[in-house]
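Trainee: Everything below, folded, please.
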Amino acid sequence: QVQVVESGGGLVEAGDSLQLSCAISGYPRRSFAMGWFRQAPGKEREFVSAISWIRERIFYADFVGGRFTISRDMDKDTMFLQMNSLKPEDTAVYYCAVAFGPYSDYLATEEVDYWGQGTQVTVSS
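Mentor: Got it, this is the predicted structure:
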């Protein structure tokens with residue numbers, strides 16, 4: 001059974017940084033993509049970034065604007081999202097996602113097979 005466990009959210013001030021982590025276990029094969037989505041109150045869940053596990057192809061939503069960096073450590077089976085220059089509008093619950101395929105470069109929510117439990121990121125102004 002695939003499990004994804006997130007960590008790293010918190011309360012920060014505008015301009016600060018945070019790193020989110022997502023550990024995956026129990027995957028049946030390495031041909032998958034992992035990504036991050038976020039959902040602010042009253043809004044739909046939206047794509048943030050994705051990375052293919054083996055080829056390390058990386059994609060970001062436009063609003064990231066060079067502020068976030070996604071990466072993965074294959075030895076630790078963990079994905080990371082380094083978020084710099086955080087803004088109040090980045091406040092949301094951030095979800096780790098895993099897709100075994102088929103999936104597009106910019107993961108769609110309907111392509112996700114497994115979700116993490118979510119971690120709150122709050123950015124104060």
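
Trainee: What distance separates the opening and closing residues of stretch 115-124?
Mentor: End-to-end span of stretch 115-124 (CA to CA, to the nearest Å): 26 Å.

Trainee: So what pairs up with the residue nearest in space to the middle of the chain in the strands?
Mentor: For the chain, the residue nearest the mean C-alpha position is Trp36 (2.0 Å; CA atoms, centre = their mean). Taking DSSP bridges, one finds Ser49, Cys96 as the beta-bridge partners of Trp36.

Trainee: Just the local confidence number for it, please.
Mentor: The model reports Trp36 with a pLDDT of 98.

Trainee: what sits against it?
Mentor: By CB atoms under 8 Å, 6 or more residues apart in numbering, Trp36 lies in contact with 20, 22, 48-50, 70, 81, 94-97. C-beta coordinates here come from the backbone N, C-alpha and C atoms, glycine included.
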